[in-house]
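Peer 1: heads up, no residue letters with this:
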């Protein structure tokens, strides 16, 4: 088993033991959907209420090492808790899923088998949307790969309607980039 797989299983154990709903996203998810590329970290989103973020961050920090000073304050401010798995030294970015999109994505998660275990992973459509939100060159390349590879299977209606919803939080660029990628 690789260190990345060991980290994913450690995360799965932790989140299940604490009854936190989560999903795998980011580079690992893209790899699971068939893109042959390297990633050095694990990205997850888990469902949390804003008023519970402090307590949950403190619970997470009992099992994972912080990568930022004042990690709880960082988490409350940016909704991301950068940690390291102390067993593997693999970086993990744990995102607080507090919005409607995150809640839908976790509900829609599909099982992907990693080291013999079913791990909740975002759907292709939600992965595309997460990548559009991140908006880095590597993420946009991932979007192009996912659309090219899975074009016939994509729920384009879900994608476009959800991307339009990001306009409410002043991210019109997500819908525009999606239209460009689908063209």
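Peer 2: Received the coordinates, thanks. Keep in mind the model is a prediction, meaning the values are calculated, not measured.

Peer 1: for the least confident helix or strand in the chain by mean pLDDT, which positions count as buried?
Peer 2: Lowest by mean pLDDT, DSSP states H and E among the helices and strands of the chain is helix 172-182, with a mean of 90. Across helix 172-182, burial judged by 16 or more other C-beta atoms under 10 Å covers 174, 175, 177, 178, 181. In short, each C-beta sits where N, CA and C put it, glycine included.

Peer 1: so the last one makes contact with residue 144?
Peer 2: To tie it back to what came earlier, the one meant is residue 181. Yes. Assessed by C-beta atoms under 8 Å, residue 181 is found in contact with residue 144 at 6.1 Å.

Peer 1: list the helices and strands the least confident helix or strand of the chain packs on?
Peer 2: Judged by 3 or more C-beta pairs under 8 Å, 6 or more residues apart in numbering; DSSP states H and E, the packing partners of helix 172-182 are helix 124-134, helix 137-150, helix 156-165.

Peer 1: That helix to helix 137-150, inter-axis angle?
Peer 2: Helix 172-182 and helix 137-150 are oriented at 40 degrees to each other (axes from the mean of the first three to the mean of the last three C-alpha atoms, to 10 degrees).

Peer 1: about what we covered before: winner for burial among the helices and strands packed on helix 172-182?
Peer 2: Compared across the helices and strands packed on helix 172-182, helix 124-134 shows the largest average neighbour count, a mean of 23 (mean count of other C-beta atoms under 10 Å).
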